[in-house]
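S.K.: coords please:
(4 chains)
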Protein chains: 2
Amino acid sequence: MPREGKRIKGSVGERAEARDQLRAELLSAARALADESAGFDSVTVRSVADRVGYTAPIVYQYFANKRALLVGLVDVGFAELADRLGRAQCPEEYARAGGPLLAVATAYWEFAAENPHLYRLMHTLSDVPFGTAKAPAAARECFGVLKAAVELGAPDHPAAKVDDDAVADLLWAHLHGLVSLTLDGRIKGGPRRARELLADLTVSFVGTPLPVE
Amino acid sequence: MPREGKRIKGSVGERAEARDQLRAELLSAARALADESAGFDSVTVRSVADRVGYTAPIVYQYFANKRALLVGLVDVGFAELADRLGRAQCPEEYARAGGPLLAVATAYWEFAAENPHLYRLMHTLSDVPFGTAKAPAAARECFGVLKAAVELGAPDHPAAKVDDDAVADLLWAHLHGLVSLTLDGRIKGGPRRARELLADLTVSFVGTPLPVE
DNA sequence: GGTCGAATTCTAACGTTGATAGAAAAGGAG
DNA sequence: CTCCTTTTCTATCAACGTTAGAATTCGACC
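M.R.: Numbers count the residues shown, from 1 in each chain, chains lettered A, B, ... in the order given. Reported below is the predicted structural model:
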């Protein structure tokens, strides 16, 4: 869709708005290009600019460099993931899915399945750490949902003795591990079977009774 | 270290040997460059060739393209991981580490900690699937070790009902998830705390007794 | 309403990268 | 000593990220 108005114009307020919109269009363009071809390797600065009807240098009016553009997309990704997880975080969804863990795990899985390239980018782009502070707000939000689910769904997990966040960290790691290996084609049987494993992941996470002798 | 003999020479048999050695040197050079700077992004065909005392086109005498060179390194990585896991797979190590799962998990963790860039490459380079067949032999070997450990260490895992490999798949996913997030700097507290989580991962994997009421 | 100035966008170019073609050089075989 | 194969390099290409500076456009002010 080549731009119609082409140049950004209007009063100061209108321009600020138009600038925000073009920034968003650049992000969408990059995302769309990654989806249409095979991943973000084939997304070039020129192709992104082309798709919104501009030439390459326009990108640098909105992002410091290509990497910043991709980091912008990572933020979008976490925002969408947070939204999806948030919608799973309510008693109705907990009940419908069969428990807090399953509800949250399913939401996580579905986001990754519907946005494989974006998901991969979110974990491929290094130096976007979010150990504690400095993390994108959306990422902390995601973590919060996982933590809430874990407190209800696996209150007696052994990792709880490490600290308050440990169990949620572990759940995130488990989800990411399964999703990541699946996207990489490293789980035999593909997404279908991996989806089954996801259910058992949550089952084992709440704690399996040891055989009583 | 610029080459000394420079040109490959000698009788037919000697040349085959020398070719194999140069191939290995190219792989080592790429690996070393990744370790010295920050990851494989800064590894260029020219820099690899330079490091072994040749010019860029030499690489294409040994690998179809840059990607093939990196895939070669992935194979090296899985071979080393298989070796390390294999050394953990014996009754002595099982006992020393506190069970088969801990032994295997520790070996996995240590490999990743000592070779972060290579580990990342092994999971970043897409289209190197090993769902079932076609997988590098070393990767199947790794899986075999995990499977053996799981059969001893978590015989009653709920995922066992999916199929024979399900529990091992899950363990691999859990290990990869924690390692991967740690390398990405996404676990607060860094490797130190993540290492603790690893222990609890295995504890919860064998099955936590539910509180008996 | 015409002019000024700031904002926006493009053209042109640079250095680097992966990759290829073809020339050059080197060594074994007869 | 000459030939022929193998090995290696020089030169070059197109594509990429990025930047400088020119050109254009439009709102604002007199």
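S.K.: only C-alpha atoms for contact and neighbour calcs from this point on.
M.R.: OK.
S.K.: In space, what's closest to residue A:65 - neighbours in sequence excluded?
M.R.: Distances taken as CA to CA, 6 or more residues apart in numbering or on different chains put residue A:59 closest to residue A:65, at 7.7 Å, once the chain neighbours are dropped.
S.K.: Run a quick check on the one you found versus residue A:45, I expect a contact.
M.R.: Yes. Shown here, residue A:59 and residue A:45 form a contact pair, counting by CA atoms under 8 Å, at 7.1 Å.
S.K.: Give me the contacts around stretch A:77-93.
M.R.: A:94, A:100, A:103-104, A:107-108, A:111, A:118-119, A:122, A:138-139, A:141-142, A:145, A:149 (CA atoms under 8 Å, 6 or more residues apart in numbering or on different chains).
S.K.: Name the helix or strand of chain A that has the lowest mean pLDDT.
M.R.: Every helix and strand of chain A was ranked by mean pLDDT, DSSP states H and E. The lowest is helix A:12-36, at a mean of 87.
S.K.: residues of that one that come out buried?
M.R.: A:18-19, A:22-35 (16 or more other CA atoms under 10 Å in any protein chain shown).
S.K.: Show me which pair in these is furthest apart.
M.R.: Farthest apart among the buried residues of helix A:12-36 by CA to CA are A:18 and A:35. That separation is 25.4 Å.
S.K.: Which segments of chain A make up each domain?
M.R.: Per automatic domain parsing, the structural domains of chain A span A:12-61, A:67-206.
S.K.: Please convert these to a markdown table, extending it with distance to residue B:80.
M.R.: A markdown table is the format used below for these (distance: least, CA to CA, whole Å):
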| stretch | distance to residue B:80 |
| --- | --- |
| domain A:12-61 | 28 |
| domain A:67-206 | 18 |
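S.K.: do you know which of these lies nearest DNA strand C?
M.R.: domain A:12-61 (3.9 Å; CA to the nearest atom of the strand).
S.K.: how far out from the middle of the chain is the closest one?
M.R.: Offset of domain A:12-61 from its chain centre (CA atoms, centre = their mean, to the nearest Å): 20 Å.
S.K.: wait, does that domain contact DNA strand D?
M.R.: Yes. With CA under 7 Å from any atom of the strand as the measure, domain A:12-61 is seen reaching DNA strand D through A:12, A:42, A:43, A:44, A:45, A:46, A:56, A:57, A:60.
S.K.: which stretches of chain A form helices?
M.R.: A:12-36, A:45-51, A:66-88, A:91-97, A:100-114, A:116-124, A:137-153, A:166-183, A:190-206 (DSSP state H).
S.K.: ok, and which of those has the densest surroundings?
M.R.: Neighbour counts (mean count of other CA atoms under 10 Å in any protein chain shown) averaged over each of those peak at helix A:166-183, with a mean of 24.
S.K.: Around the one residue in chain A that gets nearest to DNA strand C, how many other residues sit close by?
M.R.: Residue nearest to DNA strand C within chain A (CA to the nearest atom of the strand): residue A:7, separated by 3.4 Å. The number of residues packed near residue A:7 is 9, by other CA atoms under 10 Å in any protein chain shown.
S.K.: Equivalent analysis for residue A:99, please.
M.R.: Around residue A:99 there are 18 other residues, counting by other CA under 10 Å.
S.K.: Might you report the residue contacts of it?
M.R.: residue A:153.
S.K.: and with 10 Å instead?
M.R.: A:91, A:92, A:93, A:149, A:152, A:153, A:202, A:203 (CA atoms under 10 Å, 6 or more residues apart in numbering or on different chains).
S.K.: Where does confidence bottom out across those?
M.R.: Among the contacts of residue A:99, residue A:203 carries the weakest pLDDT, at 86.
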